[in-house]
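Trainee: what follows is a predicted protein model with its sequence.
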Amino acid sequence: MFSSPKLIEDLQEELICSICRKYFTDPISIECGHSFCCCCLLCSWQEASTPLSCPECKSVFQLKDFQTNVHLGELAAIAKEMRPYCLQYPEGHGKCKVHQKEQNLFCEDDQSPICVSCSQSQEHEAHKLYSIEEAAENFRKKFQETMVHLWRKTENVAKQIAMEKIKFAYIQEEIEIQRRAIVSEFQKMQRFLTEEGEKYLSLLEIRGRANLDRLQKRRSELSHQNQEIMKNITELEEERKKPDMDLLQNMKEVLTRSESVLKKEIKVLPLNMMVCSIPGIMERIFCFKVDITLDCHTAEPGLIISEDLKTVRYGGFPAELPNNTGRFVGFAQVLATQSFISTRCYWEVEVPNNTAWCVGICKNSKDSEDYFMLMTVERFRRYFVFAMARHNLYSQVHKKFCLLTVSNLKVGIFLDYERGEISFYHVKNRYLIYTFPTTSFSGLLTPFFCLSKRVLVNDCSLMICVPN
């Protein structure tokens, strides 16, 4: 009936929209004579920021001047219905080389089309056979499933890109925080250390830029991976539209490439925390060391104080005693014997491992809830150190993540009452953990120490270091 496949293909090409590459749906013709699906053309014009133009010949229109082409739509509908009959057995295509018969079966074991005579041979006797149409449909479903997985892969890549953007912003913020910390530290030193401070600022910028470069490189890698996935999706989409026999000729290679893309992992880039040890500053602060002891009269029930008033641990308390929660729910608190006003002072505390604790300074008043402290928070079975403060000058509780807690951590606490400054130091590694924004103090300030009420471990103690 159809003696010329080329003629049929040409006819069908004329009935396909050049935008969506499918048979016309509600076709409309525009002033230049070209026709498109109504929805395709409107979407094309809606996305365009330039004057309206023909997607095919680029002719410019001042108005959306078009007419519905009813006859073209009817022809497209007829061609769409004829397509399976025209493409099922194209002339000179799909012939068995052995029996010269149409290959209308597909052998799943050999992954190849065969004719009926081949299916009755001993070679294919125990093989699983499908009709060409059924086999092609099965592979279309596999392509569709693979595309779904690939789209999910793009979602994961997009999420990772979003996370890298957040990390990028975090690193920028961290650079700025460390820059201010370094400036603050060198302001405590004599003028001759200014040049040394600039050197460390430069070091911070280099480290920060290295982190940013790593993140930028990672973002580029993720973008490249996403492009590779999209390219694979496009290939699958094109293969899926092919006639049955053409689809089956190349389906194994296409699926192999898709599986290769799916197997590539999306790795998470870890961040390197940036800390700078400032030479000389710790030695300067050591000059303000004071001797701190624990005030047994302020210890909450369950706290056990050593005879030298330097060590405290939590051992629980009898049920008949009241559970005084103090300033911090879930912690047992004890104050220092000493209080400070209008002075500079520094002391060190060895904090316990693998349990919650907090150390800091508070107003020496039972009615006041003002405090500045470092405390540990347990998350994901690990302890993280946060700087937290409540002050009447703050609109809300000040909270800032500092670091992941480490074993044998010794915290140095420096108070400059006149300047309104409270700083916490990592004594062993000799760097600043955190400095609270400068504020204004009034009245006595007293050191305090807290241990979690949840963990009862005999050696889980907090110790105030004896000044050298």
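Mentor: Thanks, I have it. Numbering: from 1, shown residues only.
Trainee: what's the single longest helix in this structure?
Mentor: helix 132-187 (DSSP state H).
Trainee: what mean pLDDT would you report for the helix or strand following it?
Mentor: The C-terminal neighbour of helix 132-187 among helices and strands, as given by DSSP states H and E, is helix 194-241. Averaging pLDDT along helix 194-241 gives 78.
Trainee: and stretch 144-155, by the same measure?
Mentor: Mean predicted confidence for stretch 144-155 is 83.
Trainee: give me the distance from that stretch to the chain's centre.
Mentor: In terms of CA atoms, centre = their mean, to the nearest Å, the centre of stretch 144-155 is set 19 Å apart from its chain centre.
Trainee: may I see the buried residues of it?
Mentor: Using 16 or more other CB atoms under 10 Å as the test for burial, stretch 144-155 gives 146-147, 150, 153. Where you see a C-beta, it was placed from the backbone N, CA and C, and this is true even at glycine.
Trainee: tell me which of the residues you listed is nearest to W45?
Mentor: Ranked by distance to W45 (CB to CB), these are led by M147 at 28.5 Å.
Trainee: helices or strands up against the longest helix of the chain?
Mentor: Using 3 or more CB pairs under 8 Å, 6 or more residues apart in numbering; DSSP states H and E as the contact test, the elements touching helix 132-187 are strand 105-107, helix 194-241, helix 244-263, strand 431-435.
Trainee: before we move on, the earlier item: return the member of the buried residues of stretch 144-155 nearest to V60.
Mentor: Of all those, M147 has the smallest distance to V60: 36.8 Å, by CB to CB.
Trainee: any idea how far apart the tips of stretch 30-43 sit?
Mentor: Using CA to CA, to the nearest Å, the end-to-end distance of stretch 30-43 comes to 15 Å.
Trainee: what comes up buried for that stretch?
Mentor: Neighbour count says stretch 30-43 has 30, 35-38, 40-41 buried, by 16+ other CB under 10 Å.
Trainee: same check, this time on stretch 135-146
Mentor: By 16+ other CB under 10 Å, the buried positions in stretch 135-146 come out as 135-136, 139-140, 142-143, 146.
Trainee: check the offset of it from the chain's centre.
Mentor: Computed by CA atoms, centre = their mean, the chain-centroid distance of stretch 135-146 equals 33 Å.
Trainee: ok, now how distant is the residue lying closest to E421 once chain neighbours are set aside from F340?
Mentor: Once flanking residues are discounted, E421 sits nearest to T438: 5.8 Å by CB to CB, 6 or more residues apart in numbering. Applying CB to CB, to the nearest Å, the value for T438 to F340 is 17 Å.
Trainee: those two: which has the busier surroundings?
Mentor: Neighbour count, other CB atoms under 10 Å: between T438 and F340, F340 has more, with 18 against 11.
Trainee: in terms of pLDDT, where does the nearest residue to that one once chain neighbours are set aside sit?
Mentor: Setting aside the residues directly before and after it, F340 is nearest to L445 in space (CB to CB, 6+ apart), at 5.2 Å. pLDDT recorded at L445 is 94.
Trainee: please name the bridge partners of L445.
Mentor: Legend: beta-bridge partners of L445 under DSSP bridges are F340, K363.
Trainee: who touches it in this structure?
Mentor: By CB atoms under 8 Å, 6 or more residues apart in numbering, the contact list for L445 reads 339-341, 361-364, 415, 417.
Trainee: can you select the buried ones from the residues you listed in PyMOL?
Mentor: One line in PyMOL is enough to select the buried ones among these; burial here means 16+ other CB under 10 Å:
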select buried, resi 340+361+362+363+364+415+417
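Trainee: out of the contacts of L445, which comes closest to I161?
Mentor: The closest of those to I161 turns out to be I361 (CB to CB; 43.1 Å).
Trainee: which element follows the helix or strand containing the closest one toward the C-terminus?
Mentor: For I361, the host element (DSSP H and E) is strand 357-363. Going down the chain from strand 357-363, the next helix or strand is strand 371-379, by DSSP H and E.
Trainee: what's the spacing between that following strand and its chain's center?
Mentor: How far strand 371-379 lies from its chain's middle: 25 Å, per CA atoms, centre = their mean.
Trainee: what comes up buried for the helix or strand following it?
Mentor: Per DSSP H and E, the first helix or strand lying C-terminal to strand 371-379 is strand 382-390. For strand 382-390, a neighbour-count test (16+ other CB under 10 Å) marks 383, 385-390 as buried.
Trainee: ok, back up a step: possible to save the buried residues of stretch 30-43 as a markdown table with distance to F168 and secondary structure?
Mentor: What follows is the buried residues of stretch 30-43, written out as a markdown table (distance: CB to CB, whole Å; DSSP: H, G, I helix; E, B strand; the rest coil):
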| residue | distance to F168 | secondary structure |
| --- | --- | --- |
| I30 | 46 | strand |
| S35 | 48 | strand |
| F36 | 42 | strand |
| C37 | 42 | strand |
| C38 | 43 | helix |
| C40 | 38 | helix |
| L41 | 40 | helix |
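Trainee: and the least confident of those?
Mentor: Of all the buried residues of stretch 30-43, L41 carries the smallest pLDDT score, 80.
Trainee: dump the residue contacts of the spatially closest residue to C57 that is not a sequence neighbour.
Mentor: Excluding the flanking residues, the one nearest C57 by CB to CB, 6+ apart is C32, at 5.5 Å. Contacts for C32 (CB under 8 Å, 6+ apart) come out as 54, 57, 59.
Trainee: picking that back up, who are the contact partners of the residue nearest to E421?
Mentor: Counting by CB under 8 Å, 6+ apart, T438 touches 419-421.
Trainee: can you classify it by secondary structure?
Mentor: coil (DSSP: H, G, I helix; E, B strand; the rest coil).
Trainee: how near is it to P243?
Mentor: 76 Å.
Trainee: same thing with V261?
Mentor: Separation of V261 from P243 (CB to CB) stands at 25 Å.
Trainee: what of I433?
Mentor: 68 Å.
Trainee: again, but for S461
Mentor: As judged by CB to CB, S461 and P243 stand 79 Å apart.
Trainee: which strand residues sit across from I304 in the sheet?
Mentor: Residues in beta-bridge contact with I304 (DSSP bridges): R313.
Trainee: spit out the contact partners of it.
Mentor: 312-315.
Trainee: who's in contact with L374?
Mentor: By CB under 8 Å, 6+ apart, the residues touching L374 are 358-360, 385-388, 402, 411, 424, 433-434.
Trainee: so which of those residues would you say is closest to M82?
Mentor: Closest approach to M82 among those (CB to CB): F386, at 71.4 Å.
Trainee: partner residues bridging the closest one?
Mentor: M375, F401.
Trainee: surely it meets M373?
Mentor: No. Taking contacts as CB atoms under 8 Å, F386 lies outside contact range of M373: 9.0 Å.
Trainee: torsion angles phi and psi at S44?
Mentor: phi -60, psi -40 (degrees, to the nearest 10).
Trainee: same check, this time on L129
Mentor: For L129, the backbone dihedrals (degrees, to the nearest 10) come out as phi -120, psi 150.
Trainee: count of residues packed around it?
Mentor: 17.
Trainee: how much space separates it from L255?
Mentor: Applying CB to CB, the value for L129 to L255 is 20 Å.
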